[in-house]
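**Student:** structure for the following, please:
(chains A and B)
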There are 2 protein chains.
Amino acid sequence: MTKNRITALFGIKYPVIQAGMVWCSGWKLASSVSNAGGLGLLGAGSMHLDVLKEHITKMKLATDKPWGVNVPLLYPELDAVIDLIINEGVKIVFTSAGSPKKYTSKLKQHGITVVHVVSNSIFAKKCEEAGVDAIVAEGFEAGGHNGREETSTMVLIPLVCKATKLPVIAAGGIGSGRGMLAAFSLGADAVQIGSRFAVSAESSAHDSYKHKVIESIEGDSVLILKKLAPVRLLKNEFSQQVQLKEEHGADIEELKNLLGKGRAKKAIFEGNLSEGEIEIGQIAASINEIKSVNEIFDEILKEFKEAKDEINTSSFIF
Amino acid sequence: MTKNRITALFGIKYPVIQAGMVWCSGWKLASSVSNAGGLGLLGAGSMHLDVLKEHITKMKLATDKPWGVNVPLLYPELDAVIDLIINEGVKIVFTSAGSPKKYTSKLKQHGITVVHVVSNSIFAKKCEEAGVDAIVAEGFEAGGHNGREETSTMVLIPLVCKATKLPVIAAGGIGSGRGMLAAFSLGADAVQIGSRFAVSAESSAHDSYKHKVIESIEGDSVLILKKLAPVRLLKNEFSQQVQLKEEHGADIEELKNLLGKGRAKKAIFEGNLSEGEIEIGQIAASINEIKSVNEIFDEILKEFKEAKDEINTSSFIF
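**Tutor:** Numbering: from 1, shown residues only, chains lettered A, B, ... in the order given. Have a look, this model is predicted:
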């Protein structure tokens, strides 16, 4: 029997991580995931310091299971966020959208387990050098901010697993037991699931956003703003405005002006589906219901087991 | 024991199909794949009638195993190609890049097994209506001509499997035993492998093309000409010219003029790596050696078995 390195690293039951997501993953979602046996992450990217502190306090009351905080390294107040996390005794931190060198050694000095998100194997190696404990490798199909090279999860996971000896958490396009089994087949030690939990009952996203996502179909998500910072979202009036500008050769400044500020909050938290960024992954096309975290875990684990049994009993023999 | 529907449909040993590829898959490659226990396909897309006839004749001499012809429905002489295929007694035809309604019933009337390539589940349903025997579902990461919706293999396969009862062959981003196991995890009955065979010893591609592909790394492939007909290829002078025009808002006519004719032949068959289209899938980044078809089969089957055993012995239990 080989050990699952991710369940061992975090002290969790199932190798299922809930992605830290802006405007979705507060204490309610994250604690539900941790209580279900996965790893819940608070998404600090959409929280001011006082809000993050409040969520950490509530998180401690809501679960005695392991949990963490996701910190995208592209917002202001970063030093203060990291200090708060250390002072509050948070045990696990996922960093993303920046260099793993920035905070890893400081966090490690305080006994914190550090995971960094990458979208290629060159950055996976940099994570190893920076001393992180595990890597999230996220493919092109993932929602929200995304890598520039557009490498899909199917191609990316084996490449990252080859490049590093660290445990690898696969992300992007995974929202079911079959997706989880595929990720393990590719060499991953665990999966990170975003979209599926973004539209769970416990997600703090607006109901209009959740319904828009579960009603979406194949081809409804697009990767836009590639000249600026690529982001995957559902097509709407805003995305069409951006694409029209992009097709006519708009430069970075024009795109920045059109984007403005607070577009993700507008769609995800306030339910403004025409002007906001409806960030979500391609897997949205296969999500058709708003379910509780417990129901989602039951479904994923059941499907995983069934798919595994199916493969073991198929008649072509190797 | 459940039966593998694809090995049963074609009468082959392993559920591994070699993609029909322009300038790569002549009788030499296709017969080697069929002799190794997979399904070899002649790529009619780059053959004039007389050349196709010659390859069919040589194919019959080179293997007594099942094999087929891939016909992209976007070239001239299509009616004549279909008639030749029927008259020559070809048993299996893969059609792509067009409507499955066009030739399926005619081919079926002559007892030919028909497979059609799709990139979304709406077309998968159309294939079912048209009476095809199986479907290739091809993701965003695939080389050469590609779907417009950019759905990755990880997301696409379960959606297509849900949409149709027909056997599904997964394509795009698959070139190893791990990729094959992932495809089966997602619900596929078989895999179609292109890039890996495009740079095999038996491929008729130019040596310079093969070396360029095996030397390429992550992020070297791009999907361009989206306004015209999306195509995935390795970055080179030609692709940079296209991307520059695209960034500045070039229209379809400008792109058509820049593309001209014969770009794929130029790179793949003639080895002109600056002016030609170096068509290949994202998986190129993980292909590092030119190997024989038999070596490739051995490697894929061995890795498939190892990955399956690894998953079965991992310690988290569902």
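**Student:** in the sheet, who's paired with A:Thr113?
**Tutor:** A:Ile92 (DSSP bridges).
**Student:** leaving out the residues flanking it, which one is nearest to A:Ala62?
**Tutor:** Take A:Ala62 and drop its neighbours on the chain: the residue closest to it by C-beta to C-beta, 6 or more residues apart in numbering or on different chains is A:Ser31, 3.6 Å away. Where you see a C-beta, it was placed from the backbone N, CA and C, and this is true even at glycine.
**Student:** check contacts around the one you found.
**Tutor:** By C-beta atoms under 8 Å, 6 or more residues apart in numbering or on different chains, the residues touching A:Ser31 are A:Gly40, A:Lys58, A:Met59, A:Ala62, A:Thr63, A:Trp67.
**Student:** buried residues in the strand or helix carrying it?
**Tutor:** Taking DSSP states H and E as the criterion, A:Ser31 maps to helix A:27-35. Across helix A:27-35, burial judged by 16 or more other C-beta atoms under 10 Å in any protein chain shown covers A:Trp27, A:Lys28, A:Leu29, A:Ala30, A:Ser31, A:Ser32, A:Val33, A:Ser34, A:Asn35.
**Student:** how distant is that helix from the center of its chain?
**Tutor:** Centre-to-centre, helix A:27-35 and its host chain are 15 Å apart (C-alpha atoms, centre = their mean, to the nearest Å).
**Student:** correct me, but A:Glu138 touches A:Val118?
**Tutor:** Yes. Assessed by C-beta atoms under 8 Å, A:Glu138 is found in contact with A:Val118 at 7.2 Å.
**Student:** what stretches of the stretch 151-300 of chain A score poorly on pLDDT?
**Tutor:** Within the stretch 151-300 of chain A, no stretch has pLDDT under 70.
**Student:** ChimeraX command to pick out the buried ones of the contacts of A:Ser31?
**Tutor:** To isolate the buried subset of those in ChimeraX, counting by 16+ other C-beta under 10 Å, use the following:
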select /A:40,58,59,62,63,67
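**Student:** how about the contacts of A:Ser31 in JSON lines, adding pLDDT and secondary structure?
**Tutor:** What follows is the contacts of A:Ser31, written out as JSON lines (pLDDT from 0 to 100; DSSP: H, G, I helix; E, B strand; the rest coil):
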{"residue": "A:Gly40", "pLDDT": "98", "secondary structure": "strand"}
{"residue": "A:Lys58", "pLDDT": "98", "secondary structure": "helix"}
{"residue": "A:Met59", "pLDDT": "98", "secondary structure": "helix"}
{"residue": "A:Ala62", "pLDDT": "98", "secondary structure": "helix"}
{"residue": "A:Thr63", "pLDDT": "98", "secondary structure": "coil"}
{"residue": "A:Trp67", "pLDDT": "98", "secondary structure": "strand"}
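**Student:** for the contacts of A:Ser31, which one is nearest chain B?
**Tutor:** A:Gly40 (17.8 Å; C-beta to the nearest C-beta).
**Student:** that closest one touches A:Ser25, doesn't it?
**Tutor:** Yes. When contacts are counted by C-beta under 8 Å, A:Gly40 is listed as touching A:Ser25 (7.4 Å).
**Student:** now for these two: what residues contact both?
**Tutor:** A:Gln18.
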